[in-house]
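>>> the sequence isn't on hand, but the structure is:
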């Protein structure tokens, strides 16, 4: 059996004030007017029927998601009592799938990625599923880089995997590099962007938890023992809270000897900030990308997203102006990463109405 | 008899989006939470009882003013059918006062000035009234400059007027100077800031209209002949529309040989833009002046006025952010004068809901 697991627990706070606790990034129509999570679900539907798709998220976001996608049912959700990075999130999904079918293959996808060619995407996934079925490895999709990019992690490939075209053993994972390193990666020709999309059998990934994250493995076992029992929600709540927040990349992928990468040229992007939304957006002759009513005087290369209010910009270049609900962001484009700190500050002030 | 005429026809479009057609600058609590027009009226009440105070404005703004100052009556308003600079505005007032009492002295005041010492202000006005009563001159208040200021007009004094201390004949009026000229004015010691506050007898100023603005004088006479008659509103509407928009400074003050200036050290200011509001406002240790909820990261010397929405500024210095109703202004402080052009643009687009 084949499952799709869509990770949708994050808020995407770099997209504040559009993104909020109850309106996370993957709900936003950042591209072509469709919420990213909806595009993600529709993209895998031809591979995995709806009853085999599960969204891992919290109760908050579940309510919000079902409001825009009312055809989702309770069984399409795996609820995290708290957010704890990707290793616990994927582990919780794996233990649930394992309960129904230990050898089931699971596709693990972030809810908020941009993918340009859905057909090629599914072809690559199908190939990865075929590789994963053998049960001797973890599989990930590697994106051939199209530019020097310091915002993504990289994967270095090793030898070809026999019997498959464009499937390679993985030599190393590299975190977000600086510019010179990224340049070197691309010149070398054997690096891919790390898509954060994974394909493996439930039993195989759980065995990797046992080897590399034994404490988390025990916690997942404790949860797994209660699946289908009346105290499952209580146990999940208690045990999951005590797990350590660690990423699957750091916890398993970088350490596992058996990772394989499928070269995947389907046009991929992870829009991480308003700056990246600007770079991807259509622009007028002054380099401005504008959503909403506006008056611009002496303003170039600005990103304006304000569907509710008119925005006038006078004498400023390279700025981001985003208005949503009760808040306004005015940010230099080069500082778009710092928007997360605004949210951190609001959290510290416990100013919930802006979160 | 003594009258106070308060000119309140302008919008103050440099204070958009706070200032709007129906919410002009003099309605805004730009200083100490009191609308500027209310402060202006209260300031002259000890000199001229309420029934001798008239506000010259349009129907629009009259409604708005009476909403915040419900103790004003119809007789406290002189209605301009259209806005036409200060010469027609003052002429219309003069002709109305002349009808009741030709030799009445009238004090003419803009509605939106800042005055720090109300007692000294009234003492200066009283002195000016005494000078004006003789009927041989036009009187204005001159403010001893406290800094090199290129945003105001200047008045050069001549010889002392006999019988009065600190009252002088006027040598010349000078328009807003450049920095070097302003410096020279101040070093010379015989220049004042032109306050735009005037004191004269109704018959005397009308005689000056006859001499220097004869066409307008005839138009005012035509209006004056209908005062108290049923067709007055119709005639005002028709005649006033055809008047030429010209300032009293350019039309009369700069050409009249009989102008006197009263040295007036009461602390005066005409806040002309958000930049000047910033300069006058209290600031925090980073030079930011902030009204409303906010989060600032790497932001210095900013002016933020957003009582309705939280504003986050990231990585930007010297900017103005003003939110009001359905619009947001983001402007470099050095470009604050250009806010008027935003309003001009909206007018050209005929986008009334933002005006």
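Happy to help now that I have it. Everything numeric in this text was worked out from a predicted model, so none of it was measured.

>>> drop to CA atoms for contacts and neighbour counts, all remaining ones
Noted.

>>> mind listing the helices for the stretch 151-300 of chain A?
For the stretch 151-300 of chain A, the helices defined by DSSP state H, counting those that start in this stretch cover A:179-188, A:202-212, A:214-224, A:232-241, A:248, A:274-280.

>>> tell me which of those helices sits nearest to residue A:127.
helix A:202-212 (17.4 Å; CA to CA).

>>> hang on, the earlier thing: columns distance to residue B:120, mean neighbour count and mean pLDDT on top of the helices of the stretch 151-300 of chain A, output as CSV?
Shown next, in CSV, are the helices of the stretch 151-300 of chain A (distance: least, CA to CA, whole Å; neighbours: other CA atoms under 10 Å in any protein chain shown; pLDDT from 0 to 100):
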stretch, distance to residue B:120, mean neighbour count, mean pLDDT
helix A:179-188, 66, 15, 95
helix A:202-212, 82, 20, 98
helix A:214-224, 78, 19, 97
helix A:232-241, 70, 17, 94
helix A:248, 75, 20, 96
helix A:274-280, 55, 19, 88
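
>>> for chain B, which of those is the nearest?
For chain B, the closest of those is helix A:274-280, at 12.5 Å, according to CA to the nearest CA.

>>> on that earlier part again, could the helices of the stretch 151-300 of chain A go into TSV alongside distance to residue A:164?
Output for the helices of the stretch 151-300 of chain A, formatted as TSV (distance: least, CA to CA, whole Å):
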stretch	distance to residue A:164
helix A:179-188	22
helix A:202-212	20
helix A:214-224	32
helix A:232-241	38
helix A:248	25
helix A:274-280	34
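
>>> which residues of chain A lie near chain B?
Residues of chain A lying close to chain B (CA under 8 Å from any CA of the partner chain) are A:295-297, A:308-316, A:326-332, A:335, A:338-339, A:342, A:345-346, A:354.

>>> from these, which land in strands?
Secondary structure from DSSP state E places A:295-297, A:310-314, A:327-332 of those in strands.

>>> which of these sits closest to residue B:131?
residue A:314 (46.6 Å).

>>> pLDDT at the closest one, what is it?
As predicted, residue A:314 sits at a pLDDT of 97.

>>> re earlier: what subset of the residues of chain A next to chain B is buried?
Buried members of the residues of chain A next to chain B, scored by 16 or more other CA atoms under 10 Å in any protein chain shown, are A:295-297, A:309-316, A:327-332, A:335, A:338-339, A:342, A:346, A:354.

>>> just give me the neighbour total for residue A:115.
Neighbour count of residue A:115, defined by other CA atoms under 10 Å in any protein chain shown: 18.

>>> correct me, but it touches residue A:271?
No. Assessed by CA atoms under 8 Å, residue A:115 is found out of contact with residue A:271, at 10.8 Å.

>>> now residue A:4: phi and psi?
Dihedral pair for residue A:4: phi -110, psi 130, per degrees, to the nearest 10.

>>> what pairs with it across the strands?
residue A:53, residue A:107 (DSSP bridges).

>>> quick check, central residue of chain A?
The residue lying closest to the centre of chain A (CA atoms, centre = their mean) is residue A:110, at 2.9 Å.

>>> phi first, then psi, for it.
Dihedral angles (degrees, to the nearest 10) for residue A:110: phi -70, psi 150.

>>> quick check: nearest residue in space to it, chain neighbours excluded?
residue A:7 (4.8 Å; CA to CA, 6 or more residues apart in numbering or on different chains).

>>> look up how far residue A:169 lies from the residue nearest to residue A:173 when sequence neighbours are not counted.
Excluding its sequence neighbours, the residue lying closest to residue A:173 (CA to CA, 6+ apart) is residue A:155, at 4.6 Å. Using CA to CA, to the nearest Å, we find residue A:155 at a distance of 10 Å from residue A:169.

>>> any idea which residue of the stretch 1-150 of chain A lies closest to chain B?
For the stretch 1-150 of chain A, CA to the nearest CA, closest residue to chain B: residue A:17, 9.2 Å.

>>> tell me the SS of residue A:140?
strand (DSSP: H, G, I helix; E, B strand; the rest coil).

>>> domain ranges for chain A?
As given by automatic domain parsing, the domain ranges for chain A are A:2-269, A:274-354.

>>> using a markdown table, lay out the ones you listed together with distance to residue B:190.
A markdown table is the format used below for the domains of chain A (distance: least, CA to CA, whole Å):
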| stretch | distance to residue B:190 |
| --- | --- |
| domain A:2-269 | 55 |
| domain A:274-354 | 37 |
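
>>> and stretch A:346-355, end to end?
7 Å.

>>> just checking, residue A:86 touches residue A:251?
No. With contacts defined as CA under 8 Å, residue A:86 does not count as touching residue A:251, sitting 9.3 Å away.

>>> the more surrounded of these two?
More crowded of residue A:86 and residue A:251, by other CA under 10 Å: residue A:86, with 20 against 17.

>>> quick one: contacts for the more buried one?
Listed by CA atoms under 8 Å, 6 or more residues apart in numbering or on different chains, the contact partners of residue A:86 are A:245-248.

>>> got a pLDDT number for it?
On the pLDDT scale, residue A:86 gets 94.

>>> same check, this time on the one 10 residues further on
For residue A:96, the pLDDT comes out at 96.

>>> can I take it that it is in a strand?
No. Using three-state DSSP, the assignment for residue A:96 is helix, not a strand.

>>> if I look at it, how far off is residue A:136?
Distance, residue A:96 to residue A:136, using CA to CA: 21 Å.

>>> can you pick out the residue with more neighbours from these two?
For residue A:96 versus residue A:136, the count of surrounding residues by other CA under 10 Å is larger for residue A:96: 20 against 14.

>>> next, the contact list for the residue of the stretch 1-150 of chain A closest to chain B, please.
By CA under 8 Å, 6+ apart, the contact set of residue A:17 is A:322-325, A:327-329, A:354.
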